[in-house]
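J.: next comes the sequence, and after it the predicted model I'd like to discuss.
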Amino acid sequence: MPTGQAKTGAVVRINDSHGNCSQYEEGKIQVIRFGRDSNWADVVLPEELSEKGVGRQHCELEFGPGCLQLDTNGQGAVWLGGKRVYDQQNLPRNCTISFVEGETSATFDIEYIPISTLAETVHITAPEKSPFTTGKYALGLAGAALVAALTSFVIWFQNDDIQISEQTLQGVFSVQNTKPGEVDGELTPIATAWLAPGGVVVTNRHVAESVDFSITNGASAYLRVPPTEAGVDGTLIRIIGVTYHPGLTRFQNYLSSIPPIKFQAQQLYLRPYDLAALHVERIPDHIKPLELAQAEEIAAMHRGQPLAIAGYPNKVNRTEFDKTRPIPIIEYGAFYGRAGFAQQQGEKATSPFMAYDIETWGGNSGGPVFNADGKVVAVHFSGSKEMRNGKAVSSAGKSYGQNLRFLHQMLKQESGDKINWQAEQEIWSGWTSDLPTIEASKVALIDAQSEPTANMCKASFTYDWDTAPFMWGQKIRRRFDALEMPLPVSGKYYVYAQSLKRGHCPAKSGKISGCLQATVDTPETSFSISEDMRKTFLDFEFDHISRSSNGALTTAGGQREMIEMVIGGGHSGDSLRINIYVWSKGVCAGEIFAER
């Protein structure tokens, strides 16, 4: 080495419990892999450890700036000094890690040594594989002093910009439930919840709806707390009830009270007030509420500012330990901006959503979004989904969190205080003031295409999804069948059926499939139309000569003369609005219509 030129990088020495040592040099290898798969792993683990939760591709140690960083691939459990290590955590330079507590064949001493501190006579090698087999060696740890130091070590999840303490992550829970009718059945992780100030357990409304259905239909729902020590299952806390943020229902009632807005595809994909409180049995004393960022801190956020999400994503290859000994998985990313209602551009402090560049999965719903100081700045609820085999599995683009203002409102409600709905309605007015109304859009379109007609007749129907039956396990959760509407006048019918929530769609229903379905059946024409969950409305037209009287659904000869709607999707609290417009040269007939 030339004089004055220091060699950079590091060497990692891995000592097994038999005293064997393997060495890896940064630059020659960037990632050290541990697992049972001999074709993948650098350090091959015994096949019999599969029964103890060790995966074929269990974890990786990646060279980072001045340290090693752990990547558990979202599945492998790793223990450090008797405590579970978090995904993407930086490891101490000298430590002992284990993949099964107390199992000598899965315990290793790790030394991270900057090359600049090594003598030049040391030769570094990177073995192709390091096979370890059960019974080949005895336990060999670094020493009692090191073990004692690690046992008292306060673990932090961190990267260069973000630090979240273990104490904080103890307050991030896995939401789990059984199948309907199985009170003591197998628990399945479904989402994330966390402890907010005032002892309120927070998650998303759409998560709480599933929980609510479980506990009212012969099933059970629980929070699973992260374990506090090695080899011990996390505590189960029974969920006994839910309270929804009332804002969604009130906001949709507001939308139903103003001239109908012409929403475009995807504009209602994100819904505000997607928050709920879970009422549970006693929270353990060692769990403390997460700290919320102040409004001033959130207002000062800028694009590119580092953020992280803690939660329990439903990634592939879950092990049983992921259910019984859950540890929050942390995903890094950055703040992108504030997102407006109905995908409107322009940032405002009152914008309902926060957007960030973090990949999220199903199961992340309800999780806290942290800033660099480990304070909560939003509640995660959605992402732009990547589809695999017809199912949404992860957010391939932006992910979204609920404005923390909504959380403060819910905490006020839980403490018995009132929410200022008058002020909130003024905000809603700002959200909707620039959106085009259906009527104005249709009038402009029709007047431009044809001779203006004398009268515009319209009918508007509003339905509450709460009145529709809930079908558990179906692709379509709620459904209105055979909403029949007469065609009382002659003219050109322009139909706009709009759901204020994208729905879960049926695979097929009769001749048509989709979330919104309509059949027009008259003596002149008969056709069906449908849309899937990518849209929240139907928009079609047809000509009709009326033969019935007094708003009858059939003619004197018994022929059908109606529009039949089948509306699927939605959850409790969502509403549906159907608007039918008729442009006619004659006077409108029937009580359901009003003149233009």
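T.: Structure's in. What do you need? Numbering: from 1, shown residues only.

J.: by mean pLDDT, flag the weakest helix or strand of this structure.
T.: In the chain, no helix or strand scores lower on mean pLDDT, DSSP states H and E than helix 144-151, which sits at a mean of 31.

J.: let me know how buried residue 348 is, in neighbour terms.
T.: Per other Cβ atoms under 10 Å, the neighbour tally for residue 348 reads 12. Glycine gets a C-beta too; all of them are placed from N, C-alpha and C.

J.: that one is in contact with residue 337, isn't it?
T.: No: with contact defined as Cβ atoms under 8 Å, residue 348 does not count as touching residue 337 (10.9 Å).

J.: any weak-confidence spans in the stretch 201-350 of the chain?
T.: 230-231, 264-266, 315-321 (pLDDT under 70).

J.: can you pull out the helices in it?
T.: 205-215, 247-257, 295-299, 320-324 (DSSP state H, counting those that start in this stretch).

J.: in terms of helices and strands, where is residue 409?
T.: In this structure, residue 409 is located in helix 404-414 according to DSSP states H and E.

J.: ok but residue 175 is inside a strand, no?
T.: Yes: the assignment for residue 175, made by DSSP: H, G, I helix; E, B strand; the rest coil, places it in a strand.

J.: bridging residues for it?
T.: On the basis of DSSP bridges, residue 175 is bridged to residue 191, residue 223.

J.: please determine how far it is located from residue 220.
T.: 12 Å (Cβ to Cβ, to the nearest Å).

J.: same question for residue 195.
T.: Residue 195 is 21 Å from residue 220, by Cβ to Cβ.

J.: which one's more surrounded, those two?
T.: Per other Cβ under 10 Å, whichever of residue 195 and residue 220 has more neighbours is residue 195, with 23 against 19.

J.: quick one, what contacts that one?
T.: Each residue near residue 195 by Cβ atoms under 8 Å, 6 or more residues apart in numbering is listed here: 171, 173, 201-202, 283, 287-290.

J.: by neighbour count, which of these wins?
T.: That'd be residue 173 among the contacts of residue 195, by other Cβ under 10 Å, with 33 neighbours.

J.: who touches that one in this structure?
T.: Taking Cβ under 8 Å, 6+ apart as the test, what residue 173 contacts is 192-195, 201, 223-226, 237.

J.: how about it, nearest residue that isn't a chain neighbour?
T.: Counting by Cβ to Cβ, 6 or more residues apart in numbering, residue 223 is the residue found nearest to residue 173 once chain neighbours are left out, at 4.1 Å.

J.: so how many other residues sit close to the one you found?
T.: 26.

J.: that one contacts residue 236, doesn't it?
T.: Yes: taking Cβ under 8 Å as the definition, residue 223 is a contact partner of residue 236 at 7.4 Å.

J.: need the pLDDT of residue 469.
T.: Predicted confidence (pLDDT) for residue 469: 57.

J.: ok, the one 4 residues further on next?
T.: According to the prediction, residue 473 has pLDDT 46.

J.: what of residue 457?
T.: So residue 457 comes in at 69 (pLDDT).

J.: if we can go back for a sec, reformat the contacts of residue 195 as CSV; add distance to residue 250.
T.: Output for the contacts of residue 195, formatted as CSV (distance: Cβ to Cβ, whole Å):
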residue, distance to residue 250
171, 29
173, 28
201, 23
202, 19
283, 30
287, 32
288, 32
289, 27
290, 27
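
J.: what's the closest of those residues to residue 419?
T.: Nearest to residue 419 among the contacts of residue 195, counting by Cβ to Cβ, is residue 202 at 16.1 Å.
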